[in-house]
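*Asks:* Build the 3D model from these lines:
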Amino acid sequence: MTAVYIPRSVANIGDSAFAGCKNLTIYCEAESMPEGWSESWNPEGCTVVWNYKGETPVEKYNLIASANNKSFGSVTGSATYNKGETATITAVAIDGYKFVSWSDGNTDNPRTIVVADNIELTAIFEVVDTNPGTAVDDEVASINIFAFSSTIVVENATGDIYVYDANGRLITIQQSAGQRTEIQIANTGVYLVKVGSTTKRVMVF
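*Replies:* Got it, this is the predicted structure:
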C-alpha cells in the first residue's frame, strides 16, 4: 500500500498504527493531529498531508513476480496497481526448461490476479524431463543414472553432468569420470540429473 486517507471523523489512532509502512503517504482531512491520536502513531515518519481536500486517494499495491532462476525463464506483469485492479502475470520458459507452478502452488499461466494487497510470487521453472527410453543413440541409451544413500551415480556418461534441485536450481556441474561417476549430495530430496539429452529424477535420502 502506498497511500491512505484518514477522514476528520477518526478521533483516535493508537501507537505504531503505521509501523512498517515506510513508503506510505497519509492524507488527513484534519488540519493537524487530533488530541486523541498517539504521539507515536506514525513511527516510520511517513509523509502526511494535513487539511487534505481532494478526492479520496486510490490505494496502490505492488505486485512483484520473478523467476526462481533467470537463466531458466522470465516473468512479466510486475508493477504497482490500484486496489481492485486486475493484473496478469506470465511465466515464459526458455528452450530446455518448462514452467511448473507459482510459489503458492497455483499453476495458471498466464495468471490473472485481482490486486488487494502487496503480492510477491516466484515462477518455478525446471529442466525439461526427457524420456531416456525414447533415445535411439547407443551411447545415450547406455547411460545409467541412479542414487543410493547420499550419492548420485552416473554410469557410462561422457561430458558434463548437471544436477538440479526440485526447484530447478543448479546444484553442481561435474565432469564425467568415465564408466562411473559418483556425486555426493549434502541434503535429502528429489534431484534432476542431466547428461547430454538424457534427464532423470532421483531421490537422495
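
*Asks:* Helices of the protein, residue ranges please.
*Replies:* 138-141 (DSSP state H).

*Asks:* which sections of it are below the confidence cut-off?
*Replies:* Along the chain, the model assigns pLDDT under 70 to residues 129-141.

*Asks:* domains of it?
*Replies:* 60-127, 132-204 (automatic domain parsing).

*Asks:* Reformat these as TSV; add mean neighbour count.
*Replies:* Where you see a C-beta, it was placed from the backbone N, CA and C, and this is true even at glycine. Output for these, formatted as TSV (neighbours: other CB atoms under 10 Å):
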stretch	mean neighbour count
domain 60-127	16
domain 132-204	15
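
*Asks:* Output those domains in a markdown table, with distance to Gly20 appended to each entry.
*Replies:* Written out in a markdown table, the entries for the domains of the chain read as follows (distance: least, CB to CB, whole Å):
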| stretch | distance to Gly20 |
| --- | --- |
| domain 60-127 | 11 |
| domain 132-204 | 29 |
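
*Asks:* center of this structure - which residue?
*Replies:* When the chain is reduced to its mean C-alpha position, the nearest residue by CA atoms, centre = their mean turns out to be Thr122, at 1.7 Å.

*Asks:* What's opposite that residue in the beta bridge?
*Replies:* Each beta-bridge partner of Thr122 is listed here, defined by DSSP bridges: Ser66.

*Asks:* quick one: the closest residue to Ala186 other than its chain neighbours and Lys98, what's the gap?
*Replies:* Setting aside the residues directly before and after it, Ala186 is nearest to Ser150 in space (CB to CB, 6 or more residues apart in numbering), at 7.4 Å. Using CB to CB, to the nearest Å, we find Ser150 at a distance of 28 Å from Lys98.

*Asks:* and if you look at Leu63?
*Replies:* Counting by CB to CB, the separation of Leu63 from Lys98 is 23 Å.

*Asks:* got it, and Gly168?
*Replies:* 9 Å.

*Asks:* so what sits against both of those two?
*Replies:* Common neighbours of Gly168 and Lys98, using CB atoms under 8 Å, 6 or more residues apart in numbering, are 125-127.

*Asks:* what residue of the chain is the furthest out?
*Replies:* Ranked by distance from the centre of the chain (CA atoms, centre = their mean), the top residue is Glu35, with 44.2 Å.

*Asks:* how close does it sit to Val10?
*Replies:* The span separating Glu35 from Val10 equals 12 Å under the rule CB to CB.

*Asks:* so how far is Gln184 from Ala93?
*Replies:* Ala93 sits at a distance of 30 Å from Gln184 (criterion: CB to CB).

*Asks:* And Asp15, by the same measure?
*Replies:* Distance, Asp15 to Gln184, using CB to CB: 53 Å.

*Asks:* ok, back up a step: contact partners for the residue nearest to Ala186?
*Replies:* By CB under 8 Å, 6+ apart, the contact set of Ser150 is 184-186, 188, 204-205.
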